[in-house]
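Asker: Fold the following, please.
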Amino acid sequence: STVVVDPVSGDDGRAYVSAELIAAWPRLLARATWALPNLTEVELFTGQTGEAAVAALRARWPELKLIVTGWPAGDDVVTRLYDGPGEGEEHRQARVAGSPSGTGDLFAADWMREVFLRGAMPAVAMARAAEAVARALRAGGVGTALGGV
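Answerer: Below you'll find the predicted structure:
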């Protein structure tokens, strides 16, 4: 069986759940097949930043397949997929202005639909889900897009 975890804990460099909940997430990550954290969440779980945070998370759970969203890269935003050893695959797109509220939920829902209902390869689903988030932001909000998932 496949267990997908979206460890909702923070965004934009800050936590929005209690330290107790952040401390509990590793027990669930240890049982997950896939985890879909944003970069802030990876940093919260590891106490490190950027590449070092991702490396620490991957070292702790080498079998965990991982998609890290919300990686800032100048005027772009990057989403990275790690499903084995190595650097992983990257999807880069122009950053879209707008409220990030709900973007992780939309990404996770769209990615799971693409992989588990439509049979897309995880990297293809990652690109499609990231593009769906950008479309929703350009349209003025993620809340309405979630209704169509």
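Asker: Would you tell me which strand is longest in this structure?
Answerer: Secondary structure assigned by DSSP state E gives strand 65-73 as the longest strand of the chain.
Asker: And the contacts of it?
Answerer: 11, 33-40, 42, 54, 57-58, 77-83, 88, 92, 95, 100, 103-104, 107, 111, 122, 126, 130 (Cβ atoms under 8 Å, 6 or more residues apart in numbering). Where you see a C-beta, it was placed from the backbone N, CA and C, and this is true even at glycine.
Asker: Hmm, Val3 is touching Trp34, no?
Answerer: Yes: counting by Cβ atoms under 8 Å, Val3 sits close enough to Trp34 to count as a contact (7.4 Å).
Asker: ok, these two, which is more surrounded?
Answerer: Taking Val3 and Trp34 together and counting by other Cβ atoms under 10 Å, Trp34 has the greater number of neighbours (20 against 11).
Asker: For the more buried one, give me its contacts.
Answerer: When contacts are counted by Cβ under 8 Å, 6+ apart, Trp34 is found next to 2-5, 64-67, 122.
Asker: Read off the pLDDT value for it.
Answerer: On the pLDDT scale, Trp34 is placed at 97.
Asker: Give me the distance between it and Leu21.
Answerer: Distance, Trp34 to Leu21, by Cβ to Cβ, to the nearest Å: 20 Å.
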